[in-house]
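Asks: Dropping the sequence and predicted coords here.
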Number of protein chains: 2
Amino acid sequence: MTKSLLFFLIAATLFAAEPNLMPWPSKIAMGSGVLIIDQDFHVAGTKGLVAVTRLLHNLSLETGIPLTESGPQPKLVIRCHGPRAPIQKLGEDESYRLEVTDQQATLTAPNPLGVIRGLATFEQLVTPSPEGFVVPAVVIEDKPRFPWRGLHLDVARHWMPLEMVRRTLDGMAAVKLNVFHWHLSDDQGFRVESKRYPKLQEDGSDGNYYTQDQVREIIAYARDRGIRVVPEFDMPGHSQSWLVGYPELASISGTYPIERKWGIFDPVMDPTSEFTYQFLDAFIGEMAALFPDEFFHVGGDEVNGEQWKKSQHVQAFMREHHMKDTTELQAYFTKRVQAIVAKHGKRMEGWDEVLAANPPKDIVIQAWRDQKQLADAARQGYSGILSAGYYLDHMEPASTVYSVDPSAGLSAEEKSRILGGEVCMWTEYVSTENVDSRIWPRTAAIAERFWSPEETKDVASMYRRLDAVSREIAWLGPTHLANYLPMLRRIAGDEPIGSLQVLVDALRAGDLDARDETNKYTQQTPLNRIVDAARPESDTARHFAALVDRMDTAALRVWLTAWRDNDAKLQPIFAKSFLAAEDAPISKELSRLGSIGLEALDFIEHHQHAPQAWLDEQRAFLAQAGKLHLELWLAVVPPIQNLVDKAK
Amino acid sequence: MTKSLLFFLIAATLFAAEPNLMPWPSKIAMGSGVLIIDQDFHVAGTKGLVAVTRLLHNLSLETGIPLTESGPQPKLVIRCHGPRAPIQKLGEDESYRLEVTDQQATLTAPNPLGVIRGLATFEQLVTPSPEGFVVPAVVIEDKPRFPWRGLHLDVARHWMPLEMVRRTLDGMAAVKLNVFHWHLSDDQGFRVESKRYPKLQEDGSDGNYYTQDQVREIIAYARDRGIRVVPEFDMPGHSQSWLVGYPELASISGTYPIERKWGIFDPVMDPTSEFTYQFLDAFIGEMAALFPDEFFHVGGDEVNGEQWKKSQHVQAFMREHHMKDTTELQAYFTKRVQAIVAKHGKRMEGWDEVLAANPPKDIVIQAWRDQKQLADAARQGYSGILSAGYYLDHMEPASTVYSVDPSAGLSAEEKSRILGGEVCMWTEYVSTENVDSRIWPRTAAIAERFWSPEETKDVASMYRRLDAVSREIAWLGPTHLANYLPMLRRIAGDEPIGSLQVLVDALRAGDLDARDETNKYTQQTPLNRIVDAARPESDTARHFAALVDRMDTAALRVWLTAWRDNDAKLQPIFAKSFLAAEDAPISKELSRLGSIGLEALDFIEHHQHAPQAWLDEQRAFLAQAGKLHLELWLAVVPPIQNLVDKAK
């Protein structure tokens, strides 16, 4: 039944003339006619540009047409006016101009970085049509709103293999993100090879770390896609994995295992010891040589100060230096580390806590606690990027993250210090199997916020284009679409998964806090349950809500009937699989929601007022159904609530 | 509607006690109780056996549970009594004994090859249950029926990258196949690096070839999975790609391009020239060192003799040697090549045409034309393997290929010469994107034919287990399940794919001959159409046929209504995508089939005899609908025909 309904749901988009571009370009004018993309599609003007090889590779995947670069009568001509910086710089020109006629496309850019961005646009323009695969005639002039458009990936909580990093970079390039912020160490793992201090990875990673050669490979891979790689080594807190091999770095002596749970833990580096700074000097020196980017992220977040309060020598140091609290002590540490980072030729970046140190103005502040931190930094003259509001593990829908603007509420001068923002993917509750379903497609919507003009904010347009860009990204490697059904198949065992999909489509996964509540999770907990397969946002609920808004009763009835009848169909799965059975109660509630919706529809269609007793009963149930169920939300509760209200 | 229906369809399998093993073991006795597989699952007794690492990796994928090999209280204990041969031998012992209780599993085998087979069985036993993932208590004693159980992969027509070869080997290991027959050269490509004759790959491969290091990597990968690698270099025909770099090998001098079309072509090596044999001696010597297997396949099929008939010097040679036809000339060539192969320490293998040369009895004949060739060879005292009946590009359903027995109709002595068989995947009409959907899951059914006792032939049981093993194989890498929906999404563009899936589920792709008819295909033709997404066998049609057999009218009505209404829903896709539009007529026919079926059901349910005029009209339409439509078959025609007959 889903299928026939989906057909109705999307009918509205059939005649959308808007091309499926995301991020939306700063200037676009549609022409008439189309350029055909077939086996005779060749490219000229770019001997040896990797981005062109990648365009052809991607288009071959997306269209199924074998394509080769050179050939007679090129249909895409590239004019690139100069080289790009040997190491990609913050603020480097990324502009381009793309003109497509029914005969030829011409891409003009000041440097290969602009070519990369223009090719990403060209790729998104390709679509099937009655005449074949085509690109519509168009003139686009484009450049980014913000120069720093990043994605932060935590590879410490759950290990993310190279393949996952590569496909993430491919997805980032498709939506013109340009910074990969690699969170390489935390309490639960130290993920990069140090030749100077090999016990970091030997003792702190369970064998899951990147070699220096692999790091160089990823940096080159990112550069080919116009992406800078900024490493982060979080200190002085979130550093327990360092202490496994080097306990002498800790504020309290002892032995430290790799932390397996999630949260804020006491172990912290000793800011009073010169050994600490000698170690960091050598380590940062090694890493500064490995990572060519201008910036070096030293973390600085979530230090609870417990070890410092408990340590006699730290307390003595604080008294000696007239420090009134551990915040001042951390500020001292931050200053020392900033000097080391600067000595090795880098600009420091840190989470917003580092502001307490009054560091030099050339550093960059990453605001994560809330947007006020960014505004404060900007007012104090610091450059900054926004991550508050872009935390993917908060499981907000695309519309919510899309609405967050890095420079909201700032004066013109303050705005000039806002470099952009970063999406954050923390990995407590994701594995390589489902992490992509948290990153994509929502990150594409945020990427539009970072690139497109401030006034690009139509949510309906965003969602329409997001569906297309999600499919595009799936061709490039990310598994957000591919892994959903296999995860359901695992849960269902030998049973057909149709009814399970009807259920899970109507749910959304709980956020970090919802999952933290039980406090039972560790790094080894299987992430194979319905909550792990469920998405952060229910497209079904969103589509259903739109049907309620326009009271499409025929379509509503199809959905509601499907939900009402679904619980019975799921019984064989519940009877056989523990992975499904724990969510049997939520299925029963979905079934009742279907019945309630059908009753509400009956009142509405018969122009009757629902009796107060009925309304009271349903509202009480809806209040209950709207609560968290074993880390899951029934995403269809609000639109059904809406339907019940209409029956009044 | 599909979903609710599928639920009914599979209900019959809910209580199947039979574990999802394929191939079915030679002896199995179910016990009572289950062994729990959770994070405490560890393995003992096998330090450093790659197969154990792979088991844990595969189980982690399939269950979503992070597993590590060593730990307290192993739940699987392996007893391996001796080493395996340094180079895997034909007929090497593959037996094992697996005993599972609710406390522990014990796998006993004479050598690591048996361990590999036993672990494949163990992996298939794991299933979700109310208690968690479990393995049922069981005692299995198992060994193969045939020692040669192969899959032949043509990497010349369409290039198959390393990744595809690896995932194929993973799938093969899951169903205990033990020979990877690598068809490395043909008219359309020469796919392996020769250091002695580098123009073979440089001029004959478009850059798509395996380096010798990569070949060694694949051989090691195969060995870890208990799989021999037998290379094939097809000669003297099917060798045009050799002639691009070395035209002096040809029977008629000239320049030769890589062939881009499919078929049997005239260019052929010159069997009268000593240069040919010197070249082959050096080349075969190089390859014999690269590929350690005892066997070396020299092709020998489909020589049309045209160049030989046209060449004066060849004709003169034939007269001089009293050869009455080109078959005798090819036999002369085969004898010379066999001597070269033997000189380099290998046993020759060839397609059944090589029998004409009366080669020594130690060679192996691969019968492809029909099963009679194999019987003839066996009667003449040759060992042989069967491929006739196992050609995947003939697009036969699993039930058909499953019914073909390599030693059918032979005497006991002749049977003793039948080594087994090979599935053949020729790649004219597949790309890396859809090749897996032709290989899997049908190859698993054939693998059962090769391994299991002759009397294992229940088709219903095979299909039930095939669904499970297909899902298992999909976890290991093969993309037969994963790529179906993306291919439909490409065809549908921005439209939802539900209705397209309803159509394509009811179709099956035409075979080699059906596609050859148009003669328009080349190596560069995009394989992105509905026929390329459609499967060789329609599960939907099979399930529907079962419903007709037991006259489940409620379920039949759901399907038939869905088909009747589907054409209208597909119109937006037809209007927008050329890839879909070409198949609009077949969708209209499916719609009419739905209507016809519903009318037939009405007659049947009202106990009326359908009028003769109605019957005549429908049968005429069914005859038409049962024909090939643009390379596609409407797979549901036969069961609807059946329904119409019942209405009589």
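Replies: Perfect, I can see it now.

Asks: give the contact list for the spatially most central residue of chain A.
Replies: Most central in chain A under CA atoms, centre = their mean is residue A:439, positioned 3.5 Å from the mean C-alpha point. The neighbours of residue A:439, taking CB atoms under 8 Å, 6 or more residues apart in numbering or on different chains as the test, are A:151, A:168, A:171, A:392, A:423, A:425, A:478, A:480. Quick note: C-beta positions are derived from backbone N, CA and C, even for glycine.

Asks: Kindly reformat those as a markdown table containing secondary structure.
Replies: Shown next, in a markdown table, are the contacts of residue A:439 (DSSP: H, G, I helix; E, B strand; the rest coil):
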| residue | secondary structure |
| --- | --- |
| A:151 | strand |
| A:168 | helix |
| A:171 | helix |
| A:392 | helix |
| A:423 | strand |
| A:425 | strand |
| A:478 | coil |
| A:480 | coil |
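
Asks: Can I get these in a markdown table including distance to residue B:330 and pLDDT?
Replies: As requested, the contacts of residue A:439 are arranged in a markdown table below (distance: CB to CB, whole Å; pLDDT from 0 to 100):
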| residue | distance to residue B:330 | pLDDT |
| --- | --- | --- |
| A:151 | 62 | 98 |
| A:168 | 55 | 98 |
| A:171 | 54 | 98 |
| A:392 | 65 | 98 |
| A:423 | 65 | 98 |
| A:425 | 63 | 98 |
| A:478 | 52 | 98 |
| A:480 | 55 | 98 |
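
Asks: Which residue ranges of the stretch 101-250 of chain A form strands?
Replies: In the stretch 101-250 of chain A, the strands defined using DSSP state E, counting those that start in this stretch lie at A:105-109, A:127-129, A:132-142, A:148-154, A:179-186, A:189-190, A:228-233.

Asks: Now do the longest helix along chain A, average pLDDT.
Replies: Longest helix in chain A, counting residues (DSSP state H): helix A:553-576. Averaged across helix A:553-576, pLDDT comes to 97.

Asks: which helices and strands does it pack with?
Replies: Of the remaining helices and strands, those touching helix A:553-576 by 3 or more CB pairs under 8 Å, 6 or more residues apart in numbering or on different chains; DSSP states H and E are helix A:2-10, helix A:498-505, helix A:539-549, helix A:578-581, helix A:584-605, helix B:2-11.

Asks: okay, the angle between that helix and helix A:498-505?
Replies: 110 degrees (axes from the mean of the first three to the mean of the last three CA atoms, to 10 degrees).

Asks: tell me which residues in helix A:553-576 are buried?
Replies: Within helix A:553-576, the residues scored as buried using 16 or more other CB atoms under 10 Å in any protein chain shown are A:555-560, A:562-567, A:569-570, A:572-574, A:576.

Asks: What's the separation between the residue in the stretch 501-648 of chain A positioned nearest to chain B and residue A:163?
Replies: Ranked by CB to the nearest CB, the top residue of the stretch 501-648 of chain A for proximity to chain B is residue A:528, at 2.6 Å. Remark: distance between residue A:528 and residue A:163 (CB to CB, to the nearest Å) = 20 Å.

Asks: So between those two, which is more surrounded?
Replies: More neighbours surround residue A:528 than the other of residue A:528 and residue A:163, with 23 against 10 (other CB atoms under 10 Å in any protein chain shown).

Asks: and residue A:28, that one's in a strand?
Replies: Yes. Under three-state DSSP, residue A:28 sits within a strand.

Asks: If it is in a bridge, with which residues?
Replies: Beta-bridge partners recorded for residue A:28 (DSSP bridges): residue A:140.

Asks: for chain A, which spans come out with low pLDDT?
Replies: The model of chain A has pLDDT under 70 over residues A:1-17, A:518-519.

Asks: Show me how chain A divides into domains.
Replies: Domain ranges of chain A: A:25-142, A:148-476, A:484-646, per automatic domain parsing.

Asks: Could you save those domains as JSON lines and add columns showing distance to residue B:89?
Replies: As requested, those are arranged in JSON lines below (distance: least, CB to CB, whole Å):
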{"stretch": "domain A:25-142", "distance to residue B:89": "41"}
{"stretch": "domain A:148-476", "distance to residue B:89": "35"}
{"stretch": "domain A:484-646", "distance to residue B:89": "37"}
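
Asks: For the nearest residue in space to residue A:144 that is not next to it in sequence, grab the count of nearby residues.
Replies: Among residues not flanking residue A:144 along the chain, residue A:451 sits closest, at 4.7 Å (CB to CB, 6 or more residues apart in numbering or on different chains). A count of nearby residues for residue A:451, using other CB under 10 Å, gives 26.

Asks: can you check the one 3 residues further on too?
Replies: For residue A:454, the tally of surrounding residues (other CB under 10 Å) stands at 12.

Asks: any chance of the contacts of residue A:439 in JSON lines, plus distance to chain B and neighbour count?
Replies: Output for the contacts of residue A:439, formatted as JSON lines (distance: CB to the nearest CB, whole Å; neighbours: other CB atoms under 10 Å in any protein chain shown):
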{"residue": "A:151", "distance to chain B": "24", "neighbour count": "26"}
{"residue": "A:168", "distance to chain B": "19", "neighbour count": "26"}
{"residue": "A:171", "distance to chain B": "15", "neighbour count": "28"}
{"residue": "A:392", "distance to chain B": "20", "neighbour count": "26"}
{"residue": "A:423", "distance to chain B": "25", "neighbour count": "27"}
{"residue": "A:425", "distance to chain B": "19", "neighbour count": "24"}
{"residue": "A:478", "distance to chain B": "12", "neighbour count": "25"}
{"residue": "A:480", "distance to chain B": "12", "neighbour count": "21"}
